[in-house]
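J.: Pasting the sequence and the predicted coordinates here, then a few questions.
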Amino acid sequence: MKKKSKFLWLTDICFVLLTIASFTGILIPAGQTEPSFLGAPYTVWMGVVFCILYILLAYIASNLQREGSDDN
């Protein structure tokens, strides 16, 4: 079994921290609907930002794992 690269560990840690942050007051502040942007409340826009970050982390992790798969 091959050891994980440092960058892959870093993406895993970022994913865990992003998941923890998404359940705190950063993403869903209690009773706050303002500010709004383009008619959508703060919570919606932060959800979009978090989703984009999840997709970016998944893309980076898949590229890091693909590089090491040629060692078979």
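T.: Thanks, I have it.

J.: and for stretch 20-34, what are the contacting residues?
T.: For stretch 20-34, contacts defined as C-beta atoms under 8 Å, 6 or more residues apart in numbering pick out P41, Y42, T43, M46, G47, F50. C-beta: built from backbone N, CA, C; applies to glycine.

J.: swap the cut-off to 6 Å and go again
T.: Contact with stretch 20-34 is made by P41, T43, M46, F50, as judged by C-beta atoms under 6 Å, 6 or more residues apart in numbering.

J.: How about the contacts made by the last one?
T.: The reference is to F50. S22.

J.: If we use 10 Å, what do you get?
T.: L18, T19, A21, S22, I26, L27 (C-beta atoms under 10 Å, 6 or more residues apart in numbering).

J.: and what of L17?
T.: Per C-beta under 10 Å, 6+ apart, neighbours of L17: none.

J.: in what helix or strand does it lie?
T.: Assessed by DSSP states H and E, L17 sits inside helix 6-22.

J.: Now that helix: buried residues?
T.: Of the residues in helix 6-22, L8, T11, C14, F15, S22 count as buried by neighbour count, 16 or more other C-beta atoms under 10 Å.
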